[in-house]
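J.: Sequence isn't available, so here's the structure alone:
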């Protein structure tokens, strides 16, 4: 698999470390309640198809990248910096 | 039998040995062609029935002629004789036969075959129960398998490499050559791979003209042009083994399988990244299933022609030809032209006519073969049922061709059935960026292949944004492909589908009878297609038989899944570089050389190496050295390299706020010039790491992490900063390798530093102070922190001064009665002090468990805070960190032992906890341990039973505070 | 029909004409007491134990493809019970006891072979962690032996003991660990369930779960609606999709685990060997192929296929540990979809919906759990209360923090277990 790092360009996945669903960007308020936190830390939509997830360019520029891709075909549609996705 | 004047290989003689006999071959021969030239056709035995076998094919799909090449540690099992090139001195032997291929006692299985039908082993060997493991299975295991590994480490070298191109062309037959030429002329970077040692594909095996010249001459002209182009890389002996995501392909180059020893690696595994690819892998011919179709001498017609036209070898003096396409006649013509007798041509098509001077039985079948260890005659049934026998030494058979769709299906795509050619073809788009062309796409005429190859390259060029014009194609054969479906000849007896695994038509029918009707069930039940050829020769016929047996159409029955690799890949090739030291990087501290010079055994700490202990003359065990080093630190001064701890330099106006968010406790309030212990949680409320962080300036902190978690913490900080708190103005970088850092610990540490530092007033350095210093003119940093419980410092200098500072520190320590201490002593001292490491914060412990819940500040939010308040993480009955001391007769405590209430049975239901760390404390002259005990903090003073059944220990111990020594910290603060 | 050596002889003499289907292919009825969604190893064993242990035979197993087509047919066939955390340890111990004697129970040779499993360790810290594990195993009557370096050398002389990178310090030996023939396990349970009256419905995909007033009423399928009093979801690899039909979101992320087999070789590896530093495990099948695997590909995927980096990493680990396998040639590689949970341990529980039960989250430990999971899930469905061996496998443990079973200690990142 190859992923385009928004900073470095297209690279082999062996340069990246996978984290999980991009839900990790949306950290709830401390007082949001146990259901919200359960959704944030544990529960996953886990789609068979298009998904957004987080990759760390550990063997490159250390950017956290949000990758939009397909979990069935492994097609990569889009990548953006987590910093910008967040903004 | 070699035919004088035939073949494309030169006359150079080479000598080789097979099964102990010396033979002569020619340079350019494969082992199979050379043995056939020497009239050796019995080369192997089959897997299950140990039937005698000769080569069925002339390529990498060979299911029968598997041999072992080489001797000693270099011996290479399961090598296809049809691929192995002969060279002077080659030694090969047959396998899976005892005592020899010509007389194999295991051939008794063949007589027992009625009892060894598909799946028989699922129905028996169950009684008596103990016999499965003691008797049945060992016998089965010994009989199974093909070749044997040497049992010794593989001494050959292997490599891996990356390559990038615009267009990868897989296969260098007419399609691939045309595609490569078109793309290369259009300016694209092209890699052309072919698994053969010579490019040209079927053009080397057929009498076929292109542009008015023999096909192989045309191929050579194209190759000459390609060789001269800088944008083209030709890779022979290179099999593209798998297609992966985003245009990544795996390929195995056999670099030194065709030569005796030499400096080159045995093979190289390539990762090729291609913007576009053309699959021009050709097609594979399929055998026909009829009774005893597996005798040596029976081979595919395409192989018969390849041996004849490329290697100048006839499979026999007389050859019967059997098939269902015009290739049948092509075979007969080639044989007759070479002077081989063709007694009869059996063309299964009713309208077949002779295309030369030979007899044709139209609409007939070959129904049986006979002979000892090889074909001596075949029996033919005419269309009207009349039987007729023909003496012959070989049978050339063809059931048609299967496009090599494999790579196109490596991403779960299923090929589609094409009724006109009675075969599966790739569906476009199954591999993004790949186009199948030529025979691999079901186009079987030479002209069609050239046209397809050219078009595929033009399409690729256009995709790549390059303009290109189609050149005029050279004229080539354009005859239509006419086939009559022919899978299995009806009749009694066993007709082989999967030759190697001995799967017959009967087995497939039995599977259907027993309701293994799904093609996957049939495959798994019969082992059809699971041999080393992965069904390349047999899968389509087998599923045609299954379709027939279950009353379905072939397309409805479906195929099994095509999986990489296309042909088998040695573990050593794909695992190249992993052996010996190569499995993971090695990290060395700046004191590594000095530590090794002083005789310290080095142990692995993650990727780092650290000294275990520093043996002195007279010390014979690690414990003696360790005890001495502990006393030395406690009484004088010790030096230890602590550079492996992660060091992260954090700067920016929001650095304090950032640290407040990642640590449970406050760092924004830390004074400049001071250091604080910090605890870091994962978002689920469990402890991630701990360490000290120093405030070097208003906007400048230096964080330390544990050695083990350094990488993870860095990643975590990047995550928090980029993904959670991009609002914070903070930047940080790892400086682990930029600084060499040494602990100077013990009551005489102050004295040591006084002599060493350029200016040092101990009063300015209270406990947890930090700041800049100068060491013999070198700028460094000093931290008044302690992991030993002693008055101690850590001194840091830029790494280039690490080695000299370390030696200087040791020399000065020695004059004060101190010296170096290693990991063992460090561990003892931290246990004495109840300091935790990853033995305790092993990913399942909370701040509450280790008694640090008060460090989770209630003034602010931090990572992990909310989830750490889950009821299950605050339950008093959780296992909590305690100290343990032996109080019974047994004075041993061991890490990994479990804890039970005194007087209770040591069974799981009574489990109370476990020990994480243990040591002998020379300071306290007793064994100590840290562990986790249910509700442990409330149980100090209680007597607890420790059981280590693995080491045969059962000890009584007392629960106590985990800080065994100097609980108020007077020594380290003083 | 009872299988035996005698029957094989008799059939062999009469042309193997008498063998009958191992299971029927019935048309689905419109109504069952219990519908099990998923005809993999766990679903089939659940159906078998519902019939055998609880006398419940008005049961259908609905399988969207062919039975045994999921992970039970694409794993490295390892059977072991070497867990150390409360909850897991008793469950896998229970499961291993069911394995022992499964052939007689099913009258099907699943070739369970207790060849012994050795987990190697490469540091004192790893040794202590394995000691904790081994002591837990022993404390519940299972078997564990701590081997030092020389002890390992006696069992596995072909390892690279002097590997300068990660030398072998010793190993935790689990003599009752071993392997089984994976497909036969699915088929044996299928045949056993079928013989007891369970309907195995292949090519029948569930497309909806009917729920009225918080109670399950049945399922919609590609072969029509089927009413049921109770429904069990046991569809590892597709758990999220099926649970979503009931409006549930699960603590699961799906990942790819690759596995590999080499060409057949004469016997050279007797045990199951597991390399601690490199995440690599290998055994040799009865056919002679070296069967091995490693870690997840690490990214969420439903593709049932993996990529090169992990393939290479696994083989590099193999070369580091046992350089004698260099010339063994990999014949085939494949991938299974793993239900990865936040603590790496599974779920066998009721759902918030009356009559709807779920068995999922096996991460990559599902094969050895096939008997235990079916046995405990059947108990839960039949009796509406958990079996003692699986009572810790609660769905709500992540929310409450009670009873987390994080054997790897890697926390709630699904792919790290």
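T.: Yes, it's here. Everything quoted here is computed from the prediction, not taken from an experiment.
J.: From here on, just use CA atoms for contacts and neighbour counts.
T.: Will do.
J.: Direction included, what does the helix or strand where residue C:294 lies pair up with?
T.: Assigned by DSSP states H and E, residue C:294 falls within strand C:289-300. Sheet pairing here is set by DSSP bridges, and for strand C:289-300 it gives strand C:253-264 (antiparallel), strand C:280-284 (antiparallel).
J.: just the angle between the helix or strand following it and strand C:280-284, please?
T.: Scanning forward in sequence from strand C:289-300 by DSSP H and E, the next helix or strand is helix C:308-321. Helix C:308-321 and strand C:280-284 are oriented at 70 degrees to each other (axes from the mean of the first three to the mean of the last three CA atoms, to 10 degrees).
J.: For chain C, which segments count as helices?
T.: C:5-13, C:41-54, C:88-99, C:102-106, C:124-139, C:149-155, C:182-195, C:239-245, C:308-321, C:370-383, C:397-400 (DSSP state H).
J.: and residue C:104, which of the strands paired with strand C:289-300 is closest to it?
T.: strand C:280-284 (24.1 Å; CA to CA).
J.: got the contact list for the closest one?
T.: Where contact means CA atoms under 8 Å, 6 or more residues apart in numbering or on different chains, the residues beyond strand C:280-284 that reach it are C:267-275, C:290-295, C:314, C:317-318.
J.: Centre of the chain to that strand, how far?
T.: 16 Å (CA atoms, centre = their mean, to the nearest Å).
J.: How about stretch C:277-290?
T.: On CA atoms, centre = their mean, the centre of stretch C:277-290 falls 17 Å from that of its chain.
J.: Start and end of it, how far apart?
T.: Using CA to CA, to the nearest Å, the gap from the first to the last residue of stretch C:277-290 comes to 20 Å.
J.: tell me which residues in that stretch are buried?
T.: C:277-278, C:280-290 (16 or more other CA atoms under 10 Å in any protein chain shown).
J.: ok, now stretch B:910-925?
T.: Quick answer for stretch B:910-925 (16+ other CA under 10 Å): B:911-922.
J.: Could you check which helix or strand contains the closest residue to residue B:834 other than its chain neighbours?
T.: Leaving aside its chain neighbours, residue B:834 sits nearest to residue B:963 (4.3 Å; criterion: CA to CA, 6 or more residues apart in numbering or on different chains). Using DSSP H and E, residue B:963 maps to neither a helix nor a strand.
J.: Contact residues of the stretch 801-950 of chain B facing chain C?
T.: B:839, B:842-844, B:870-873, B:895-898, B:906-908, B:914-916, B:948-950 (CA under 8 Å from any CA of the partner chain).
J.: In chain A, what residue lies closest to chain C?
T.: residue A:43 (3.9 Å; CA to the nearest CA).
J.: I'd say residue B:919 and residue B:831 touch.
T.: Yes: counting by CA atoms under 8 Å, residue B:831 is a contact partner of residue B:919 at 7.3 Å.
J.: can you pull the contacts of the closest residue in space to residue B:496 that isn't next to it in sequence?
T.: Leaving aside its sequence neighbours, residue B:496 sits nearest to residue B:504 (CA to CA, 6+ apart; 4.3 Å). If a contact means CA under 8 Å, 6+ apart, then residue B:504 has B:494-498 as its contacts.
J.: Recalculate using a threshold of 6 Å.
T.: Contacts for residue B:504 were tallied using CA atoms under 6 Å, 6 or more residues apart in numbering or on different chains; they are B:494-497.
J.: Report pLDDT for it.
T.: Note for residue B:504: predicted pLDDT of 98.
J.: what phi and what psi does the backbone show at it?
T.: phi -110, psi 170 (degrees, to the nearest 10).
J.: any idea how far chain C is from it?
T.: With distances taken as CA to the nearest CA, to the nearest Å, residue B:504 is found 14 Å from chain C.
J.: Please convert the buried residues of stretch B:910-925 to CSV, extending it with pLDDT and secondary structure.
T.: Formatted as CSV, those follow (pLDDT from 0 to 100; DSSP: H, G, I helix; E, B strand; the rest coil):
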residue, pLDDT, secondary structure
B:911, 98, coil
B:912, 98, coil
B:913, 98, strand
B:914, 98, strand
B:915, 98, strand
B:916, 98, strand
B:917, 98, strand
B:918, 98, strand
B:919, 98, strand
B:920, 98, strand
B:921, 98, strand
B:922, 98, coil
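J.: Can I get those in JSON lines including distance to chain A?
T.: Below are the buried residues of stretch B:910-925 laid out as JSON lines (distance: CA to the nearest CA, whole Å):
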{"residue": "B:911", "distance to chain A": "29"}
{"residue": "B:912", "distance to chain A": "29"}
{"residue": "B:913", "distance to chain A": "27"}
{"residue": "B:914", "distance to chain A": "28"}
{"residue": "B:915", "distance to chain A": "30"}
{"residue": "B:916", "distance to chain A": "28"}
{"residue": "B:917", "distance to chain A": "31"}
{"residue": "B:918", "distance to chain A": "35"}
{"residue": "B:919", "distance to chain A": "37"}
{"residue": "B:920", "distance to chain A": "41"}
{"residue": "B:921", "distance to chain A": "41"}
{"residue": "B:922", "distance to chain A": "44"}
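J.: what about residue B:558, neighbour count?
T.: Residue B:558 sits with 20 neighbouring residues when counted by other CA atoms under 10 Å in any protein chain shown.
J.: again, but for residue B:2
T.: Residue B:2 has 21 nearby residues by other CA under 10 Å.
J.: repeat for residue B:968
T.: With other CA under 10 Å as criterion, residue B:968 counts 9.
J.: ditto for the one 3 residues further on
T.: Neighbours of residue B:971 under the rule other CA under 10 Å: 18.
J.: what kind of secondary structure is it in?
T.: helix (DSSP: H, G, I helix; E, B strand; the rest coil).
J.: Per-residue confidence at the one residue in the stretch 701-850 of chain B that gets nearest to chain A, what does it come out as?
T.: Per CA to the nearest CA, residue B:722 is where the stretch 701-850 of chain B lies closest to chain A, at 4.8 Å. Residue B:722 carries a pLDDT value of 97.
J.: Which residues are in contact with it?
T.: residue A:83.
J.: Does it belong to a helix, a strand or coil?
T.: helix.
J.: With residue B:246 instead?
T.: Classified using three-state DSSP, residue B:246 is helix.
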